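K.L.:
give me coordinates for this.
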Amino acid sequence: MYELRSGRGRAAAEHGRGVFVRSHPPVRRLASDRFARRHREQGKAAFIAETEAAGGNPTVDSIKVSEERPSADVAEQPGITSEDPVIVRSRRYLINGQPVETAISYIPVKIARGTQIAQPDSGPGGIYARLEELGYQLDHFVEEIRSRMPLRDEARALRLAPGVPVFHLARTAYDADGRAVEVCDTVMSSDAYPLSYELPAR
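P.N.:
From the prediction side, this is the model:
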């Protein structure tokens, strides 16, 4: 299979199937706005708010929730230790039916066990809305983004053509007391997301 750009989206050619257009709008991932509290107050998680603003239809599938011991990378965050299990939420995000992103969140069980966060449907506004309802006022997020070629299972999950790289994003959400209340590992199709930043000049 190979892909090329068309005026309506990405044109993909597959042996025996011909050429078809995978049409979804590019979603501008505006770092300074995507986690604004007003989105949660409107009952929208960041992905839903951004995709709808771009004119796309957002959906989420492949949702799995489990309880596990955290990896060494996750346990490095303040408030999370290797001895304490975490609630693990994995899911896949789609725009107009086309997979564009996978994400795995890790939330301490002392926060999430027995709450809607531990259910497949985390409710309006997503995980962050539930955290604030539980009294964990979100203060800031730290993200690290790298580009790389996808692993085989990532390429399959995102239906990537050969040669298409991904963004690998690691994010930690901190509350007002400086505790890490969520760690999220995200893999994004690079051709679906222009990364946009507003930086102060002062």
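K.L.:
low-confidence stretches in the chain?
P.N.:
The chain contains residues with pLDDT under 70 at 1-36, 38-43.
K.L.:
apply 50 and report the result again.
P.N.:
In the predicted model, the chain carries pLDDT under 50 at residues 1-15, 17-21.
K.L.:
may I have the beta-bridge partners of the residue nearest the centre of the chain?
P.N.:
Nearest to the mean C-alpha position of the chain, counting by Cα atoms, centre = their mean, stands residue 103 at 4.6 Å. Beta-bridge partners of residue 103, counted by DSSP bridges, are residue 91, residue 186.
K.L.:
so who does it touch?
P.N.:
Neighbouring residues of residue 103 by Cβ atoms under 8 Å, 6 or more residues apart in numbering: 90, 91, 92, 93, 184, 185, 186, 187. For every residue, glycine as well, the C-beta is placed using N, CA and C.
K.L.:
for the fourth one, helix, strand, or coil?
P.N.:
State at residue 93, reduced to three classes by DSSP: H, G, I helix; E, B strand; the rest coil: strand.
K.L.:
which SS class is the residue nearest to it when sequence neighbours are not counted?
P.N.:
Nearest in space to residue 93, with sequence neighbours left out and distances taken as Cβ to Cβ, 6 or more residues apart in numbering, is residue 101 at 4.2 Å. What three-state DSSP gives for residue 101 is strand.
K.L.:
which element is the nearest residue to residue 119 once chain neighbours are set aside on?
P.N.:
In space, not counting the residues next to it along the chain, residue 119 is nearest to residue 65; the distance is 6.9 Å by Cβ to Cβ, 6+ apart. For residue 65, the element it lies in under DSSP states H and E is strand 58-68.
K.L.:
returning to what we had before: among the contacts of residue 103, which one sits closest to residue 168?
P.N.:
Compare each of the contacts of residue 103 with residue 168 using Cβ to Cβ and the shortest gap goes to residue 187, at 5.7 Å.
K.L.:
my guess is that closest one contacts residue 167. True?
P.N.:
Yes - taking contact to mean Cβ atoms under 8 Å, the distance of 7.4 Å between residue 187 and residue 167 places them in contact.
K.L.:
residue 202 - how many residues pack around it?
P.N.:
Other residues near residue 202 come to 2 when the count uses other Cβ atoms under 10 Å.
K.L.:
burial of residue 97, as a residue count?
P.N.:
Number of residues near residue 97 (other Cβ under 10 Å) recorded here: 11.
K.L.:
state the distance from the closest residue in space to it that isn't next to it in sequence to residue 101.
P.N.:
Excluding its sequence neighbours, the residue lying closest to residue 97 (Cβ to Cβ, 6+ apart) is residue 59, at 7.2 Å. Separation of residue 59 from residue 101 (Cβ to Cβ, to the nearest Å) stands at 12 Å.
K.L.:
who's more crowded, those two?
P.N.:
It is residue 101, of residue 59 and residue 101, that has more neighbours when counted by other Cβ under 10 Å, with 24 against 16.
K.L.:
about what we covered before: looking at residue 187 and residue 167, which is more packed in?
P.N.:
Comparing residue 187 with residue 167 by neighbour count (other Cβ under 10 Å), the higher total belongs to residue 187, at 21 against 18.
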